[in-house]
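1. I would like the atomic coordinates for the input below:
(one chain, ligands or ions: 1)
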Amino acid sequence: MKPVILLTGKNGQVGGELLRLLPQVGEVAAFGHDQLDLSNPTDLCRTIREVRPQLIVNAAAYTAVDQAETDETTARAVNAEAPGLMAEEAKKIGAVLVHYSTDYVFDGAKKSPYHEADLANPINVYGKTKLAGEQAIRGSGVPHLIFRTAWVYATRGRNFLLGILRRATEQDELKIVCDQFGAPTGASDIAAATTKILNSVYRQSVDAPPIRTVGGTYHMTAAGETTWSDFAKAIIDEAAQSSQDVCWLAAATRGRPLITRRVIPITTAEYGSLTQRPKYSVLSNSRLAQTFGVALSDWRTQLQNSFAIVR
Ligand SMILES: NC(=O)c1ccc[n+]([C@@H]2O[C@H](COP(=O)([O-])OP(=O)(O)OC[C@H]3O[C@@H](n4cnc5c(N)ncnc54)[C@H](OP(=O)(O)O)[C@@H]3O)[C@@H](O)[C@H]2O)c1
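-> From the prediction side, this is the model:
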């Protein structure tokens, strides 16, 4: 028998990709923001009790990093309080909770990839609320998997990839930050890795007994590292070489030609954002590979693969 899965955030980048893949694992009851508002505890509890899932996959989050600085109450409700409540409800009905977190739980002072055991020390409100969500889940004692990912993009939604492509049709030079290091990770790769892991966990039984031994926090990002400015250059290069059949690209550029001739690297200070971001938030994925035999490909390969999608 396959598990019943409650998926939140079905219209988000990761949630949208999970919606396509999770039916391989179980019977999916999926909710978007308009159907289930995570900042409403009564609705959240009622929905979990009605669906009575064996597995909750929480792909919803308050991801507007700059906006979170001035709207901490909502960010905390969605990123910290709701996951805590999901964990408590999941525990009561014997369900497993799968949750996503972020590289922004780290302060970025390290110069080599962060491991799961490294001290979290978020430097912005988004990171603080996401860490509080992780802590609430761990503190509840519910069987769980927390996947920390980073710099997420997809071929739809609001993200750096689509933002650069739009700007590349409007400006002949783009000034992009060159002193923050991370690993741009495709939402489809995150969903595929999650599905593979859940398939292996649920292969034996709907009660997912192996979760008791493999549960915990894992880093799940693309391999390699880059900066926002080099990522922008790679996006423009790939777009310039890609086929006209890539429908999502035509939508992103609204059919207009790319006119950017140069990406100019600038510092974070020159960019002038009021929100602090970690300078270095590359994550080591070795624990994920050792435990589940799952390794996401290099960020550049993932980007190239995105331009191979013609749907
Ligand atoms: N995006 C990144 O760069 C990034 C980096 C590191 C980690 N992560 C983590 O990865 C996970 C997936 O992120 P993503 O990139 O897929 O984010 P996303 O594209 O912004 O999707 C998040 C979804 O959550 C929904 N949501 C927001 N507030 C909600 C609420 N109160 N109730 C119900 N749904 C709500 C959003 O709906 P609306 O749009 O309608 O509000 C959206 O569909 C999250 O846990 C995120 O923290 C993301």
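
2. Thr70 is in contact with Thr275, correct?
-> No - contact criterion C-beta atoms under 8 Å: Thr275 and Thr70 do not qualify, at 9.8 Å. Where C-beta positions appear, they are placed from N, C-alpha and C, glycine not excepted.

3. those two: who's more crowded?
-> Thr275 (15 against 10; other C-beta atoms under 10 Å).

4. what distance do you get for the residue nearest to the more buried one when sequence neighbours are not counted to the ligand?
-> Distances taken as C-beta to C-beta, 6 or more residues apart in numbering place Asp66 nearest to Thr275, at 4.9 Å, with adjacent residues excluded. Distance, Asp66 to the ligand, using C-beta to the nearest ligand atom, to the nearest Å: 12 Å.

5. for the residue in the stretch 201-311 of the chain positioned nearest to the ligand, which three-state class applies?
-> Distances between the stretch 201-311 of the chain and the ligand by C-beta to the nearest ligand atom are smallest at Thr221, namely 8.5 Å. The three-state assignment at Thr221 reads coil, by DSSP: H, G, I helix; E, B strand; the rest coil.

6. that one contacts Leu296, doesn't it?
-> Yes - counting by C-beta under 8 Å, Leu296 is a contact partner of Thr221 at 6.6 Å.

7. so what sits against both of the two?
-> Both Thr221 and Leu296 are in contact with Thr185, Asn285, where contact means C-beta atoms under 8 Å, 6 or more residues apart in numbering.

8. residue boundaries of the strands in the protein?
-> Under the criterion DSSP state E, the chain contains strands at 4-8, 27-31, 55-58, 96-102, 144-149, 152-153, 173-177, 181-182, 185-186, 216-219, 226-227, 262-266.

9. what about the residue in the chain positioned nearest to the ligand, how many neighbours?
-> Residue nearest to the ligand within the chain (C-beta to the nearest ligand atom): Gly12, separated by 2.2 Å. Neighbours of Gly12 under the rule other C-beta under 10 Å: 24.

10. mind listing what Asp43 touches?
-> Leu36, Asp37.

11. cool, and the one 5 residues further on?
-> Listed by C-beta under 8 Å, 6+ apart, the contact set of Ile48 reads Leu6, Ile56, Met86, Glu89, Ala90, Ile93, Ala95.

12. generate a PyMOL selection restricted to the buried subset of these.
-> Buried members of those, defined by 16 or more other C-beta atoms under 10 Å, are picked up in PyMOL with:
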select buried, resi 6+56+86+89+90+95
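
13. all set, thanks.
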